[in-house]
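[1] Just to be clear, the model below is a prediction. Sequence and coordinates:
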Amino acid sequence: MSHPKRCFPREDVTIAMPDTLCAMDPDTRAAFIRNNAGDVCITFSDPTYVRADTIVIDEDSSAVYAILHERAHYLGNLSRAMATSFAKNDHVLLSALRPDGSILESSTPMKIGRA
């Protein structure tokens, strides 16, 4: 599959609640999104996570981790349907709003394995 170009294309965004929102910690949230083309995205309230080196999904539990500064940071668990969508991709678009109002985006490799 091609690399996702934008997290929120203007026309074809599908957000399947309640799968899209999970707590990382009390101050940070991540939204897992899939568009109609099958591209996947994770948006964060904290732009630090957009700089993750890799996103890892545990194939047994569907837990999602961001590898940032050589440490795994737990993001949440995907539903089966969302995990299937993520498994069809080798990259995920990470996105967050910066304090100045601009959008920070990065296409990051994604791996499915055992955590």
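    Now that the structure is in, tell me what you want to look at. Numbers count the residues shown, from 1 in each chain.
[2] Residue 70: how many residues sit nearby?
    6 (other Cβ atoms under 10 Å). (Glycine included, C-beta is placed from N, CA and C.)
[3] Ranking helices and strands of the protein by mean pLDDT, which lands last?
    Across the helices and strands of the chain, mean confidence by mean pLDDT, DSSP states H and E is lowest for strand 21-25: a mean of 42.
[4] quick one: strands adjacent to the helix or strand just after it?
    Per DSSP states H and E, strand 21-25 leads on to strand 28-35 as the next helix or strand towards the C-terminus. Within its sheet, and counting by DSSP bridges, strand 28-35 is paired with strand 13-14 (antiparallel), strand 21-25 (antiparallel), strand 40-44 (antiparallel).
[5] in strand 28-35, what counts as buried?
    29-35 (16 or more other Cβ atoms under 10 Å).
[6] Also stretch 57-72?
    For stretch 57-72, by 16+ other Cβ under 10 Å, it's 57-58, 62-68.
[7] Looking at the residues you listed, which is nearest residue 112?
    The closest of the buried residues of stretch 57-72 to residue 112 turns out to be residue 57 (Cβ to Cβ; 5.1 Å).
[8] circling back: which members of the buried residues of stretch 57-72 are positioned in helices?
    Using DSSP state H, no member of the buried residues of stretch 57-72 falls within helices.
[9] biggest separation within these, which pair?
    Greatest spacing in the buried residues of stretch 57-72, by Cβ to Cβ: 62 and 68 (19.8 Å).
[10] number of nearby residues for residue 49?
    Neighbours around residue 49, by other Cβ under 10 Å: 24.
[11] Give me the longest strand you can find in the chain.
    As assigned by DSSP state E, the longest strand anywhere in the chain is strand 103-113.
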